[in-house]
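**Q** when you get a sec, could you give me coordinates for this:
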Amino acid sequence: MSHGKLREEKNCLNCGHFVAEKFCPNCGQENTETRKPFHYLFTHFVEDLTHYDGQFWGTIKNLLLKPGKLTETYLEGKRQRFVPPVKLYIFISFITFFLFALFPPFHLDFEAKADSKNKKEKTIFAQAAISQTQKIVDSLKAKENKTYEDSVQIEKLSAIVGDSATINNFQEQLNLDKGLEEDFPYKNFKTRKAYDSAQAKNPSSWNFLDKAFAYKLFELKEKGAKKGDILRNLIETSLHNLPKALFLYLPVFAFFLWIFHNKKKWWYFEHGVFTLHYFSFLLLNILCVTFLFKLVGLTESDFLNRLLYVIISGMIVYSMLYFFIAHRRVYHFHGFTSFIVGCILFLVNFFAFTMVVIGLGIVSFLMIH
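**A** Residues are numbered from 1 along each chain as shown. Okay, here's the model as predicted:
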């Protein structure tokens, strides 16, 4: 794995045993020179994770193109050919969310701090463009003998007018550039004092979450936080906490697999291996889809943009089919039985993960400063 220069001395620096060749027969440490160039600190880290001898790239190839193959091979005891499941998941998770931090999947710009003059100029310009487009639509509709091309043009321009008006009025409709107004209530309570007074009259030991949510809302209102800033912070905090939520959900996913399979034939450990491989694929697939989405629009070629959309659509469909293919290969179910069990597991996990996302949103809201 390493390409460091071998030491002339034949004693192992780790345990002191005699080293005849490259590796110590007692502890396995490589007998190479200890003094390295500075870049070795980084290349050794990448080398250790990816195994440039082909183990890493073979793992990625099988993970993407052969659903369930890694799990099947690992459970057969052939564990030197590919990267171990835990190391694979941690590495892919680190790369995915690191790149998301550097290049966010979408821009969180609600113009909360935009200059009012610029906003007004943008609004006037947008309204003028919409008005001009509407005049063209009206002139086409006024024709007595409209051709098929005219009808198509009317449909396209009408859609543009509708979309432009919706986009232009989105911020105004939600008032994202405004703060939480004084009359913004929480369960008809406009202030924290009124809320505490009502809670004192009807105390309950189960309202701790409701109380925390209400306190945070009143706190943000008192600080004068704008709706756009709150929404931006909520999304950013949720993305920051998402890796932790996914990691905590792994044993839950494996638990559902354990419930729906033979307990004597399949141990929880084996379901855990399947889960790690499946989630590694999902993260890698999400990373690739996000990257392709960012490429759309960078070129003026309609053909390339359409091709990218086709590839993205295919990857999304493949990600949904991946679970069923991997499940059948690993658990050796017959076709229809595997499909039914897979559908049940898919629905159960969809519901459970939805609850996790809701919980993540609540926790992220409570963490807003």
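**Q** not counting sequence-adjacent ones, nearest residue to F18?
**A** Sequence neighbours aside, K10 is the residue nearest to F18 in space, at 5.7 Å (criterion: Cβ to Cβ, 6 or more residues apart in numbering). In short, each C-beta sits where N, CA and C put it, glycine included.
**Q** do the same with S319
**A** Nearest to S319 is N285, by Cβ to Cβ, 6+ apart, at 4.9 Å.
**Q** tell me the secondary structure at the one you found.
**A** helix (DSSP: H, G, I helix; E, B strand; the rest coil).
**Q** contacting residues for it?
**A** By Cβ atoms under 8 Å, 6 or more residues apart in numbering, the residues touching N285 are L64, M315, Y318, S319, Y322.
**Q** out of the residues you listed, which sit inside helices?
**A** L64, M315, Y318, S319, Y322 (DSSP state H).
**Q** need these in TSV with distance to S93 and neighbour count, can you?
**A** Below are these laid out as TSV (distance: Cβ to Cβ, whole Å; neighbours: other Cβ atoms under 10 Å):
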residue	distance to S93	neighbour count
L64	16	16
M315	19	16
Y318	20	14
S319	17	16
Y322	18	19
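**Q** give the rounded mean pLDDT of the helix or strand hosting F256.
**A** In the assignment (DSSP states H and E), F256 maps to helix 227-259. Helix 227-259 shows a mean pLDDT of 84.
**Q** nearest to K87, of the ones in helices among the contacts of N285?
**A** Checking those against K87 by Cβ to Cβ gives L64 as the nearest, at 17.3 Å.
**Q** let me know whether the closest one touches L283 as I believe.
**A** No. Look at L64 against L283 with Cβ atoms under 8 Å: they stay out of range, at 11.7 Å.
**Q** one step back: looking at the contacts of N285, spot the one nearest N202.
**A** Of these, the one sitting nearest to N202 (Cβ to Cβ) turns out to be S319, at 47.6 Å.
**Q** show the contacting residues for that closest one.
**A** So S319 contacts F281, L282, N285 (Cβ under 8 Å, 6+ apart).
**Q** what is the subsequent helix or strand relative to the helix or strand hosting T73?
**A** Taking DSSP H and E as the definition, T73 sits inside helix 69-75. Note on helix 69-75: by DSSP H and E, the next helix or strand toward the C-terminus is helix 85-102.
**Q** that next one vs helix 227-259, what angle?
**A** Relative orientation of helix 85-102 versus helix 227-259 (axes from the mean of the first three to the mean of the last three Cα atoms, to 10 degrees): 170 degrees.
**Q** buried residues in the helix holding F256?
**A** For helix 227-259, the neighbour count (16 or more other Cβ atoms under 10 Å) marks 227-230, 232-234, 237-239, 242-243, 245-246, 249-250, 253-254, 256-258 as buried.
**Q** equivalent analysis for stretch 329-348, please.
**A** Those would be R329, V330, Y331, F333, S338, V341, G342, L345, for stretch 329-348 by 16+ other Cβ under 10 Å.
**Q** again with stretch 21-35
**A** In stretch 21-35, the ones that count as buried by 16+ other Cβ under 10 Å are C24, E30, N31.
**Q** over to stretch 298-308?
**A** L308.
**Q** can I assume F213 sits in a strand?
**A** No. Counting by three-state DSSP, F213 is not found in a strand; it is helix.
**Q** report how many residues lie close to it.
**A** A count of nearby residues for F213, using other Cβ atoms under 10 Å, gives 15.
**Q** pretty sure it contacts G361?
**A** No. The criterion here is Cβ under 8 Å, and F213 misses it with G361 at 10.9 Å.
**Q** just want the most central residue of the chain.
**A** I286 (6.3 Å; Cα atoms, centre = their mean).
**Q** my guess is that residue contacts T96, does it?
**A** Yes. Between I286 and T96 there is a contact at 6.9 Å, judged by Cβ under 8 Å.
**Q** pLDDT below threshold where in the stretch 251-369 of the chain?
**A** Scanning the stretch 251-369 of the chain for pLDDT under 70 picks out the ranges 297.
**Q** for I311, what are its contacts?
**A** L292.
**Q** follow-up on the earlier one: out of the buried residues of stretch 21-35, who's nearest I368?
**A** Once Cβ to Cβ is applied, the member of the buried residues of stretch 21-35 that ends up nearest I368 is E30, at 49.3 Å.
**Q** just to revisit the earlier point, ok, of the contacts of N285, which one's closest to T71?
**A** Nearest member of these to T71, counting by Cβ to Cβ, is Y322, at 12.2 Å.
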